[in-house]
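after the sequence you'll find the predicted model.
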Amino acid sequence: MEFSLKQLFKKNWLAIVTTAITVAVLVYFLVTTDGINAFLSVASDLKVSWIVLMFVAVFANWALEGTALHYITRRIYPDWPLKNSIVIGMVGLLYGALTPFSSGGQPMQVYFMKKMGADPGKAAAVITVKTMVYQVVMVIFAVVMVVWKLPFFQQQNISNFWFITLIGLAANLLFISAVFFFSFHQKLTSRIVTALINLLHKMHLCKNPEKRKESILGAFRMYFESTRLVGRSVSMYLVVGIMQMAQIFVTCIVPYCIYRSFGFHGASLMNMVAAQSFVTMVSAFVPLPGASGGAEGSFYIYFNMFFQKNTLVPAIFIWRIMTYYLTIFVGCFFAVFGKRIPCRTLRENPKLAKVQLQSPDDIPFSE
């Protein structure tokens with residue numbers, strides 16, 4: 001038995017440690033704010049219809065994640081099964097929740113696609129394009145919310161969090177702009193990045209400038225080559241973008257469903273959707289799995305204007321269960337199921353079958 005427990009921990013130590021940290025944070029919130037008694041006081045009066053709608057929103061998020069991935073994958077592999085895409089989508093959400101800055105989701109998705117028969121380079125291209133489309137849509141969504149709801153939130157005492165939100169938005173805009181700029185001006189991008197890295201090195205703010213430069217340019221190359229491999233169909237990006245917009249929206253309505261399940265009525269749906277998008281932006285700065293602490297804290301700051309004092313911590317508790325812990329629990333089942341899907345020979349799209357990702361040294365943009 002002792003050996004089995006050691007083996008279990010060795011194989012799943014990341015999931016166990018991550019879950020323990022996030023549970024500890026949530027328990028801390030419940031204990032220090034008398035949240036347990038508050039939760040018990042509201043639990044018996046929850047509106048079942050809104051709880052059901054909340055589950056529907058969570059399941060829709062998972063389904064849209066897999067469907068968007070499936071739509072892109074079918075560009076390369078026309079016979080790629082939908083169930084594989086759903087599994088890959090859940091694997092990405094699972095490992096994104098278990099690693100800092102969601103850094104483990106994409107590599108594990110590539111790994112699982114390879115086990116299912118996809119070429120690793122083409123699997124990486126699919127995941128890269130999907131991730132890039134999501135980032136673009138997320139930034140557009142956040143920009144619209146900031147511009148639309150700025151007057152409302154300016155009236156609230158959350159100026160420090162507004163600053164962090166805007167910094168996060170600016171950072172995402174800068175990166176996306178750089179990727180698109182690179183796609184059209186590769187040589188100039190190389191010179192700009194080289195100049196900036198050299199300047200930071202002279203200011204003693206950057207060690208190993210050559211390694212850092214290649215890392216940054218390598219990321220740009222990957223995005224550029226992935227779009228070349230998957231294709232640059234406007235209709236494809238439009239459809240995937242709409243799916244991603246719907247996915248972000250259904251995720252952002254979960255707090256509103258919680259609010260209505262408590263029997264509250266006065267708050268605007270779109271104000272709460274905007275608040276959730278800002279929570280997402282702030283949480284991105286927290287270098288812990290699941291943004292532990294930062295997610296709960298930012299939710300507390302942004303949503304205390306909507307919930308009564310004795311219902312805010314129970315709302316955080318339900319929100320984290322629905323958007324985080326449930327994803328881990330269900331994602332583990334999909335990961336186990338995904339490992340059992342046999343590898344198969346896949347028929348490639350004839351128009352894309354001969355397209356291969358080039359070696360970074362072969363892309364003619366370096367100085």
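All right, it came through fine. Keep in mind the model is a prediction, meaning the values are calculated, not measured.

list the contacts for residue 88?
Counting by C-beta atoms under 8 Å, 6 or more residues apart in numbering, residue 88 makes contact with 66, 69, 109, 112-113, 116, 338. All C-beta spots, glycine's among them, are computed from the backbone N, C-alpha and C.

export whatever helix or strand it lives in as CSV, just CAs?
Using DSSP states H and E, residue 88 maps to helix 82-98. What follows is helix 82-98, C-alpha atoms only, in CSV (Å, rounded to 0.1, in the frame of the first residue of the first chain):
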residue,chain,number,x,y,z
LEU,A,82,-14.9,15.3,-32.6
LYS,A,83,-14.4,13.2,-29.4
ASN,A,84,-10.6,13.6,-29.8
SER,A,85,-11.0,17.4,-30.0
ILE,A,86,-13.2,17.5,-26.9
VAL,A,87,-10.6,15.4,-25.0
ILE,A,88,-7.8,17.7,-26.2
GLY,A,89,-9.8,20.8,-25.2
MET,A,90,-10.4,19.4,-21.7
VAL,A,91,-6.7,18.3,-21.4
GLY,A,92,-5.7,21.9,-22.1
LEU,A,93,-8.1,23.3,-19.5
LEU,A,94,-6.9,20.7,-17.0
TYR,A,95,-3.2,21.4,-17.3
GLY,A,96,-3.8,25.1,-17.7
ALA,A,97,-5.4,25.0,-14.3
LEU,A,98,-2.6,23.0,-12.8
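
tell me what the following helix or strand past that helix is packed against?
Next helix or strand after helix 82-98 toward the C-terminus (DSSP H and E): helix 105-115. With contacts taken as 3 or more C-beta pairs under 8 Å, 6 or more residues apart in numbering; DSSP states H and E, helix 105-115 sits against helix 82-98, helix 120-154, helix 326-339.

ok, now with 7 Å
Contact here means 3 or more C-beta pairs under 7 Å, 6 or more residues apart in numbering; DSSP states H and E; on that basis helix 105-115 packs against helix 82-98, helix 120-154.

for the helix or strand containing residue 228, give the mean pLDDT please.
Per DSSP H and E: residue 228 is located in helix 209-230. In this model, helix 209-230 has a mean pLDDT of 74.

so for it, what gets flagged as buried?
209, 212-214, 216-217, 220-227, 229-230 (16 or more other C-beta atoms under 10 Å).

for stretch 272-287, same thing?
272-284, 286.

narrow those residues to those in strands?
Nothing among the buried residues of stretch 272-287 maps onto strands, per DSSP state E.

done for today, thanks.
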